[in-house]
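Q: dropping the sequence and predicted coords here.
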Amino acid sequence: MANVKPRVVVVGAGMAGLTAANKLHTSTHLKQLFELTVVEGGSRIGGRINSSEFCGDRIEQGATWIHGIEGSPLYKIAQEQNLLHSHRPWECMIGIDSGNPTTVAEGGHRLSPSTVHPISTLFKNLMNHMRGKSVDEDGDLISEIGKNCSDGENLSVGSFLRRGLEAYWGVSKGREGVEGVGNWSRKSIEEAIFAMHENIQRGYSSADDLTVLDYNAEREYADAIFPGEEITIARGYTSLVESLASVLPSGTIQLNRKVEKIEWQQSHEFGPVKLHFSDGTTLSADHVIVTVSLGVLKNGIHMFDPPLPISKNRAISKLGFGVVNKVFLQLPPHEQETKSPFLQMVFRQPNSELRHPKIPDWIRKTSLLYPIYTNSSVWVSWITGKNALEIESLEEAEIAKGFSTTTTNLLSSNSNSGKRFEFVKAMRTQWGSDPLFFGSYSFVAVGSSGDDMDVLAEPLNPQLQIMFAGEATHRRLYSTTHGAYFSGLREANRLLDYYNYRH
């Protein structure tokens, strides 16, 4: 080994990078076995975690949820650091009645539970079947669809779901007496409700279209999710990564250090890795842990010199990486009701002549709109894929107007009290155009598999010159902060094992 005290450089100060640095430092700091540096291209730590404020309320621009608290290391850290309690309200705290949504359809129609429930149940059970969970209703129908889906087939989530809807329409059981709504036919309202759930699922996965999302990956992903309640962090998600960073010595984290090129040794000779930064400076290291997003890897394919192996480039190319942006909207405080609805929005299909001409196309694949907590004048909506990219180039005043027009149309009937929602201010995130990310999180695309994530996670050589971490390198928890955390831990332990430092 060339250095008595090996230099380790972590590229990226997000969840994966800070977890790796935290583990390396806390495991060896008493003996000071590593010279540790974290370089971050941006002006803050956190990566795709970015707690902020809008109109006086605390919000999350990026990661929002701890997905399951039972056995979650992130929940444990948040507990130990007293991050779960605050005197100030925060985004998605207790009080949002998402379990009892108000479903409204284009043209000002409030949909009854008897209209919404059968399609919502069908969608839920189709997703449960894919994930290997029990199916409450329509079990025989869904099992029959599943039998026709072989493991070897390049089947997508979207095509399976649509097979389910077509099969549902092919039977009459339980549908006698079901009528249309206003000028919506029965079939058109059912398809629109189903599409609403598809769009919610798009936001969960970050896939622009569910037909590019791999069917077989759903079960492996679902098996890995932690059980228990899903929560947000009262003091902001950024407080969690700040806790991880707080143990590192001053100067370990270097901000505004954007890596442009990484030179490494392809031969069996062990030599230093050289990092080139955008300001013209360089830094040499014995080991580099790369934690940049899959979006950066896709866009920065020439970042590595020599190029990455064909197998790794192939994995990077095949895996999916999507864009999800959040839009925060402010109502004038005097217009905010004490109990505002959690809205599920149902829109006409693209080929319908009954589409309202003033509802923007970019909003039509958005399904949810709700206040961030009870009595808040700040509302939030999630926009995915091409529409998410489109709003990044719009003026925020235009976005506020688009949502105002849409909600006024949806809530225009007497049954909805003629309520007008005139949003006066908007703020949207811009993850897709940000060159430090080029998107939000990864998914297993049709034609790829968890094996590609394993390939992405492999170091470039036995000397561990270049290592990889980040949510896209975790086969079962990709797209989550848990996946990023465990990937950082994995690479830190890999390095500790290499030097026999683990205990």
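A: Received, thanks.

Q: tell me where the stretch 1-150 of the chain has helices.
A: Secondary structure of the stretch 1-150 of the chain by DSSP state H, counting those that start in this stretch: the helices cover 15-28, 73-80, 113-130, 139-147.

Q: just name the most buried of those helices.
A: helix 15-28 (a mean of 25; mean count of other C-beta atoms under 10 Å). For every residue, glycine as well, the C-beta is placed using N, CA and C.

Q: name the helices or strands packed onto that one?
A: On a contact count with 3 or more C-beta pairs under 8 Å, 6 or more residues apart in numbering; DSSP states H and E, helix 15-28 meets strand 7-11, strand 35-39, helix 238-245, helix 481-498.

Q: would TSV of these with distance to Leu297, mean neighbour count and mean pLDDT be doable?
A: Putting the helices and strands packed on helix 15-28 into TSV (distance: least, C-beta to C-beta, whole Å; neighbours: other C-beta atoms under 10 Å; pLDDT from 0 to 100) gives the following:
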stretch	distance to Leu297	mean neighbour count	mean pLDDT
strand 7-11	11	25	98
strand 35-39	16	21	97
helix 238-245	21	22	98
helix 481-498	14	24	97
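
Q: mind checking the ones you listed for the one nearest to Asn256?
A: With C-beta to C-beta as the measure, strand 35-39 is the member of the helices and strands packed on helix 15-28 nearest Asn256 (9.3 Å).

Q: against which helices or strands is the closest one packed?
A: When contacts are defined as 3+ C-beta pairs under 8 Å, 6+ apart, strand 35-39 packs onto strand 7-11, helix 15-28, strand 253-254, strand 282-285.

Q: repeat that with 6 Å
A: In terms of contacts (3 or more C-beta pairs under 6 Å, 6 or more residues apart in numbering; DSSP states H and E), strand 35-39 is packed against strand 7-11, helix 15-28.

Q: what is the burial count for Pro462?
A: Using other C-beta atoms under 10 Å, Pro462 is surrounded by 9 other residues.

Q: just say helix, strand or coil for it.
A: coil (DSSP: H, G, I helix; E, B strand; the rest coil).

Q: model confidence for it, exactly?
A: With respect to pLDDT, Pro462 has a value of 92.

Q: do the one 3 residues further on as well
A: Residue-level confidence at Gln465 comes out at 95, pLDDT.

Q: likewise for Ser143?
A: Ser143 is given a pLDDT of 76.

Q: heads up, I number from 51, so please use that
A: Let's use 51 as the start, then, which means that last one is Ser193.

Q: look up how far Ile250 lies from it.
A: 24 Å (C-beta to C-beta, to the nearest Å).

Q: distance of the closest residue to Ile192 other than its chain neighbours from Arg525?
A: Using C-beta to C-beta, 6 or more residues apart in numbering and skipping the chain neighbours, the partner closest in space to Ile192 is His179 (4.9 Å). For His179, the distance to Arg525 equals 22 Å [C-beta to C-beta].

Q: the closest residue to Pro356 other than its chain neighbours - how many residues pack around it?
A: Spatial nearest neighbour of Pro356, excluding adjacent residues (C-beta to C-beta, 6+ apart): Gln316 at 4.9 Å. By other C-beta under 10 Å, the residues close to Gln316 number 13.

Q: just the element for Gln316, please.
A: Following DSSP states H and E, one finds Gln316 outside all helices and strands.

Q: what segments of the stretch 201-350 of the chain are helices?
A: Counting by DSSP H, counting those that start in this stretch, the helices of the stretch 201-350 of the chain are 207-219, 236-255, 267-274, 288-295, 344-349.

Q: what are the bridge partners for the closest residue to Asp355 other than its chain neighbours, then?
A: In this structure, Asp355 finds its nearest non-sequential neighbour in Glu313, 4.9 Å apart by C-beta to C-beta, 6+ apart. With DSSP bridges as the criterion, Glu313 is bridged to Lys324, Asp355.
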